[in-house]
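Chemist: requesting a structural model of the entry that follows:
(chains A, B, C and D, ligands or ions: 4)
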Amino acid sequence: MKLQIKNISTAIKDIHIKRLLVIMVLWMIFMGIFRFDKFYTLINFQTMAAQFPEFGLMALGIMLCMISGGIDLSVVGVANFVAIASGQLLKIIAGGAGELNGFEILLVMLFGMAIGLAAGFFNGILVSKVKIPPILATLGSYELFRGIAIILTGGKAVSGLPIKYAETIAGKLFGLIPVQLLFFAAVVLILSYLLNRTTYGIKLYMLGTNATAAMFSGHRTERVLIQTYALSGICAALGGLIMLANYNSARADYGAVYTLQCVLIVVLGGVNPMGGKGRISGTVLAICVLQMLSSGINRFPEISSFYIPLFWGGVLLLVMVLNYYRENKQSQGGHKKAVISKYRIWVRKSG
Amino acid sequence: MNRIMKNLMQRNEFYISIAIVALSIAIQLRSGQFFTSNNIVDLLSALIVPGLFALGAFMVIVSGGVDVSFPALASLSMYATTRILVDTNYQGGILLPIVMSLCFGAILGAVNGVLIATFKLPPLIVTLGTSSVFKGIMQGVLNAVQITVIPPGMSSFGTAALFIATNPQSGLTSRMPVAFLALVIVLLIVYFVLQHTMYGRGLYAIGGNEVSAYRAGFNVWLIKFLLYVGVGMISSLAGLIRVCMMTQAHPTNMLGMEMMVIAGVVLGGTAITGGSGTLTGCMLGTILLVMVENSLILLGVPTFWQGFFLGVFIIVGMGISALQVSRAIKARGALTRRVQQ
Amino acid sequence: SSPAGKSKKSESEWEIVVVPKDASNPWFIRMEVGVKEFAKETGLNVYQKGTPEIDATLQSQLIQDLIAAKVDAICVVPVDPGSLEPVLKQARDAGIVVIAHEGASLKNVDYDIEAFNNEQYGAFIMDNLAEAMGEEGLYTTMVAHVTNASHNEWADGGVKHQKEKYPNMKLLEEEPRVESEDNGDVAYQKAKELFKKYPDLKGIMGTSSYDAPGIARAIQELGLVGKAFTSGTGMPAANAELLKSGIVKSLTLWDPALAGKAMCALAVKVLRGEEIKDHLDLSVEGYTDLTFKEGSTTVLEGKGWIVITAENVDSFGF
Amino acid sequence: MAQSVLKVVDIKKSFAGVQALKGVSLEIKAGEIHCLAGENGSGKSTLIKIISGVYTPDEGQIIFGDKVYSKITPIEAIRNGIQVIYQDFSIFPNLSVMENLAFNEELANKRKLVNRKRMKKIAQEALAKINFDVDLNAKVGSLSVASKQLIAICRALMLNARLIIMDEPTTALTRKEVNALFNIILDLKKQGIATLFVSHKLDEVFEISERFTILRNGEKAAEGFTSELDNKKFTYYMTGREFEDKPFVPTNVSEDPVLSVENLSMNGFYENVNFSLHRGEILGITGLLGSGRTELALSLFGIMQADTGTIKIDGEPVKLDSPETAINHGIGYVPEDRLTEGLFLPQSIGDNIIVSELDKLSSRLGIIDRDKKKEEIRQWVDKLSIATPNPDNACSTLSGGNQQRVVLAKWLSRDLKVLVLNGPTMGVDIGSKHDIHQILRRLAEQGLGIIIISDDIPEILTNCSKILIMRNGRISAALTPDEADTQVLARYMM
Ligand SMILES: Nc1ncnc2c1ncn2[C@@H]1O[C@H](COP(=O)(O)OP(=O)(O)OP(=O)(O)O)[C@@H](O)[C@H]1O
Ligand SMILES: Nc1ncnc2c1ncn2[C@@H]1O[C@H](COP(=O)(O)OP(=O)(O)OP(=O)(O)O)[C@@H](O)[C@H]1O
Ligand SMILES: [Mg+2]
Ligand SMILES: [Mg+2]
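Modeler: Ligands and ions are numbered 1, 2, ... in the order given. Purely as a prediction, here's the structure:
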């Protein structure tokens, strides 16, 4: 507990997180002034909490890959693939009667996560063993997973699922807390434990900082990479399973907009795309900020939803420019920094 | 002779060329349609827009960055251009639209340029952000919708033909658009700039080592700033040409092209770490991807399998070139940074 | 199926929201024209709000937000009907009136208005194509995505109709369905490839409003005018030149503005607690005599589609 | 008295809280060879960067002849005859030799277009100045370190340079190349070109320089003529301490070898290598660049695999196929280049120390015991006296010598049998160097087998109990320190 508090207090010291908190508070004040009755309601917070887990989970996976110095653009492909396969399995298990028990739901979820694991493992192999730059490896595998999903379904939606599944996963605990949020919270806790308290976490950050030095330190860097992409695959799979419940159907093209949105979230959350740096709390905060921004804007019928990307991109750029001014105030020696900011993104140097 | 062979074998362009030839033969065998004059013309005309984008993306990657904002930038600038001209009932030729879109492109590119050069922010993050902002401006502020009737000067430029290729067997004809000249001209300009000006060498230099470039006396700020302005202009031109060729302006249908364009450039042997890559490789890589994307039916890949096929193609293509590179590195012993004497 | 007098609020406090598939497609911009007109005529708080991109998940989230904002009625044109069921159920559980359009398969709605029946509409597009092709020859179908629900229903309807009615026409077996990705340029490229690979191909049935213009461009460029044909959906103003040039003989559509208006009008009726029965009159052109689809208590069908040709294309005013 | 080429007066510069220079003045006269010395982090590189226009000083003046500047740009420095060879050479690895050589001049002349003929001529002339023969079209990245350095020197000689500044030019060079470099410097002197150079190797300083300036903590500690200086004084000015270097005599040598290498060969890199190492010994390996010693070391650490031959640990043959297996067999490796291979600069000092012993500090499931970790870090910071206020600070905040200690700590925290160090004191100042040598000797006495690979002959001679010399992938001689001196070693190396 003491450590937890210390963690939080160091996190708040992180300038990125501070900024996101400020943005969130400002936006909440703004909403309080202009749309209090439409925003500060239980149902609104419940809705928001039920909406973000599906893409939030994908963003967490992308975050892990970015800490390793890579990226995973295939998360949406994995999620839909998992949702479709699990949906089909659900229908088989439930049979004509549409009956389903808790154990069977668990089984289907494990099945989905296993697929996600396999897909992530595949990405990991491409990145670590075949050494394809992550951005391209996962772009290719996105097409691949989406292609498989289309082949599996002929492009049609998998629907007519036993309603029990959606009721369970997209339901509310004690009629209050969205179950999706519980999944998200559980993954956040597990990942933050992994990152902060286990050897895997240290190895991941070290790998992202300097892959060569990690190898010279006796780390099995390829294995760490594979583990990372596999974890991302599992996160995406959970996202897919939640989507399956939220829409009570699955299709190869659900959530195509999530990819870019997740990358934006992760970067805004302060994760360095060159690897080695980033906190889970930043990412979670960025997810919340995005959700509040877009739900908030939807409270203004006169503002077109097209302003959401405008706001979103604007916030990202603003935060980056502010960071520049802060860092520049700290050190005038711009050129040592230039070496570091030499932009080697998403690329793993071989060896 | 032997040395030339050996030299060739070490070059990425060589493998891409082989892949292109192999694919052509495969398409020919499957459809009997590849080596017909009109099919070649079709491919060249399909190459215009991705080719222009690829030139811009290539220069940015050479300089050590990655730009993902060019489709949004092109969309915004082509939309603004077309909207203004349609609203003012413009009846003139193609010159004004081109000038206008180049101006818009330069301005939007300058936004990227300032953020990247002045604030020294990572290009990927900046362009992710500006791409969102450009999209938001286009759709939110400008309220973009499809424009179906474009000024006559633009549509006549878009449909004008350099020549028409006729397939003697099927009687099918294909138009070689005049707009192809734009690709050729930009290609020549980019070639000239990269190979024959200090500016272009500066791009390679900062891609290789930015600090050294600064110390050597390159004006790094200016090089980067002008780069993004130039890329903005090229992308805008591509956007405008697309509008002219389609004779309608659709605000969003270029979005999402960025990854495929970048994939083509990298497939052509351009190091995504910056500093190395040839224009030939870049164009060959782009041609290869355009060929694949536009020949799936000719190849007889069923619609349901097309996504799968494309994914496999990218992974296998990239995989081979990645393995090739790491093999070359191993052979040179670069892993241990061994000295060659 | 609705209890009378759904809302306890006064009419001026009602908030009725129309949710289209997305906000940039000219089709839904035309729909918004109708919605705005309706708002002006009735003085009610009625507006349209779409997602920035066409995406089933975004649409579902927008509706969730509207539920949380406690609107009174939601009129929706689903991107993917299946994916909306859970959220529309939430809406109805929250006491919100739900009216759909192009969502005949939906269960969790008060009513669904169809300008027509999807299968029949597909058949009708096929009739147009058959007429152009002289009722014989090889053809194929084009949809935005193989994952798109209504396009595929139209295409299936068209194919079924051909099998019944036009024995001399034949579906291209190797490529029975191609994708245009809702992108005129892709439609154009795909059409070119098809005509090259299959010299016997004589017609392509389009569905998305981007299909026919793109295919027509390919036909024109390949020098196949008069030898190959297309048909599909399209808006008059957007396709006037195409029709007049004779490359495309006719296009089909229904006026989205009227559909939008009709949804709103129906929502108001339900909110007021009026009885909804056969021969319903919404006082909107084409929706003055709605009848329930056979065996359904939610789907109301109008007499809806319009054929546009070179002659009448200028008479629509949109 | 010769006129001065460059004068800097009272230069001050600070970075985020660090005052790197606290008012330093320096004058260089035409044709003089001037040595700038100081411990790691004393501000030498900063001063050089200010002279060359890379950094702007907070205060002070830079004077070229009668022109007084308060700040300059790199181009202005170049126009005033200043050329710098940076520690990292500042080359463009992706470009050709020709371009690397010609860019500076082309830019200084404000040329906008590329003229390959002219560039070729410039490049050829530059190479001719030092009689250096290299393919003009070769990519510089593919050349040897020595060639890169020569290219950097050639480049500096162009543009009528009047002062050439070299920041630790000899770190990457072997004796042979150092000799060549010194001849070049003397040649330049004849042409009236001054040289300012930074070095940590005392013998070199005495051999070549005429005058010296020593910095300590950003201040000038001493200046004068090198002829009036001796080893002891020099060290004292730099560090404020005195040292005595006694030769190492192993005291605790085990009977059986801990490591023995038999007939080890790797095609193209090294051949038929045989040696054995006992606990308590320090074995030195030296040789020219490309002699195969790094590959041999990498093979011992499992990064490269030998084709034939055996490696035995405590008499047991082992198969080393990854760093992990090597570590599990008790072998540690301190790489050549600590910045790119040894350290995680932005990460904390603590994490850098424990990065190789994560499993020792964690449970079977990989959960880290935080208290144990903290204790371990504290212990090593103390043991190796790593100078830091807080081990949670980033490793990049440490000076070079302290960084090297972190790399050592990383390995010492494992229970090793054999530690291989490749260039353990490269770029490290005398003070830290001495400390590191003491640490290594202590470790040997405690029973560790140590292998040092180094170009620094005095380092090898004073610290090793056995010396192997490699030439063209073979061991050309195995000597004891008494049999060896600088000349003998050089003879076996060439
Ligand atoms: N860009 C920078 N930002 C912050 N601190 C810096 C920067 N450059 C140098 N310093 C600090 O200034 C001091 C002087 O550094 P400098 O590089 O000049 O030392 P040096 O004498 O060249 O050392 P070495 O022998 O290791 O090369 C050090 O404390 C260093 O950490
Ligand atoms: N390509 C390179 N770029 C930068 N630094 C390099 C490069 N190659 C080598 N170095 C550095 O140069 C120094 C000498 O390395 P090198 O491997 O040439 O020496 P060596 O150990 O004598 O050679 P060998 O093991 O082949 O006998 C090291 O500091 C190394 O990090
Ligand atoms: Mg230094
Ligand atoms: Mg070496």
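Chemist: could you find the closest non-adjacent residue to the closest residue to chain C within the stretch 1-150 of chain B?
Modeler: Nearest to chain C, among the residues of the stretch 1-150 of chain B, is residue B:148, at 3.7 Å (C-beta to the nearest C-beta). In short, each C-beta sits where N, CA and C put it, glycine included. Spatial nearest neighbour of residue B:148, excluding adjacent residues (C-beta to C-beta, 6 or more residues apart in numbering or on different chains): residue C:238 at 3.7 Å.
Chemist: in what helix or strand does the one you found lie?
Modeler: For residue C:238, the host element (DSSP states H and E) is helix C:236-245.
Chemist: so after that helix, what's the next helix or strand?
Modeler: Next element after helix C:236-245 (DSSP H and E): strand C:250-253.
Chemist: which other residues reach that next one?
Modeler: For strand C:250-253, the external contacting residues (C-beta atoms under 8 Å, 6 or more residues apart in numbering or on different chains) are C:121, C:124-125, C:128, C:131-132, C:209, C:212, C:231-236, C:239, C:243, C:305-309.
Chemist: name the residues of stretch A:16-32 that come out as buried.
Modeler: Within stretch A:16-32, the residues scored as buried using 16 or more other C-beta atoms under 10 Å in any protein chain shown are A:16, A:17, A:19, A:20, A:23, A:24, A:27, A:31.
Chemist: I'd like these as a markdown table, with distance to chain B, pLDDT and secondary structure appended.
Modeler: Shown next, in a markdown table, are these (distance: C-beta to the nearest C-beta, whole Å; pLDDT from 0 to 100; DSSP: H, G, I helix; E, B strand; the rest coil):
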| residue | distance to chain B | pLDDT | secondary structure |
| --- | --- | --- | --- |
| A:16 | 12 | 76 | helix |
| A:17 | 17 | 82 | helix |
| A:19 | 15 | 81 | helix |
| A:20 | 15 | 84 | helix |
| A:23 | 14 | 85 | helix |
| A:24 | 18 | 88 | helix |
| A:27 | 17 | 87 | helix |
| A:31 | 19 | 85 | helix |
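Chemist: contacting residues around the nearest residue to residue D:450 once chain neighbours are set aside?
Modeler: Using C-beta to C-beta, 6+ apart and skipping the chain neighbours, the partner closest in space to residue D:450 is residue D:282 (4.5 Å). By C-beta under 8 Å, 6+ apart, the contact set of residue D:282 is D:248, D:250, D:440, D:441, D:444, D:450, D:451, D:452, D:463, D:464, D:465, D:466.
Chemist: what's the closest non-adjacent residue to the most centrally placed residue in chain A?
Modeler: For chain A, residue A:59 is the residue whose C-alpha lies nearest the centre (C-alpha atoms, centre = their mean; 1.4 Å). Nearest non-adjacent residue to residue A:59, counting by C-beta to C-beta, 6+ apart: residue A:262, 4.1 Å away.
Chemist: could you do residue D:132 as well?
Modeler: residue D:150 (5.0 Å).
Chemist: which strand or helix spans that neighbour?
Modeler: helix D:145-157.
Chemist: just want the residue of the stretch 1-150 of chain C that's nearest ligand 1.
Modeler: The stretch 1-150 of chain C approaches ligand 1 most closely through residue C:52 (43.0 Å), counting by C-beta to the nearest ligand atom.
Chemist: to clarify, my last question referred to the stretch 1-150 of chain B.
Modeler: Residue of the stretch 1-150 of chain B nearest ligand 1, by C-beta to the nearest ligand atom: residue B:120 (13.7 Å).
Chemist: so the residue of the stretch 1-150 of chain C closest to ligand 1 touches residue A:311, yeah?
Modeler: No. If you go by C-beta atoms under 8 Å, residue C:52 and residue A:311 don't touch, sitting 11.4 Å apart.
Chemist: between the two, who's got more neighbours?
Modeler: residue C:52 (24 against 20; other C-beta atoms under 10 Å in any protein chain shown).
Chemist: can you pull the contacts of the more buried one?
Modeler: For residue C:52, the contact set (C-beta under 8 Å, 6+ apart) comprises A:305, A:306, A:308, A:309, B:135, B:139, C:22, C:23, C:24, C:58.
Chemist: name the residues of chain D found near chain B, please.
Modeler: Applying C-beta under 8 Å from any C-beta of the partner chain, we find that chain D lies next to chain B at D:52, D:54, D:74-75, D:78, D:84, D:86, D:90-95, D:99, D:103-104, D:106-108, D:111-114, D:142-146, D:268-269, D:289-290, D:294-295, D:298, D:303-304.
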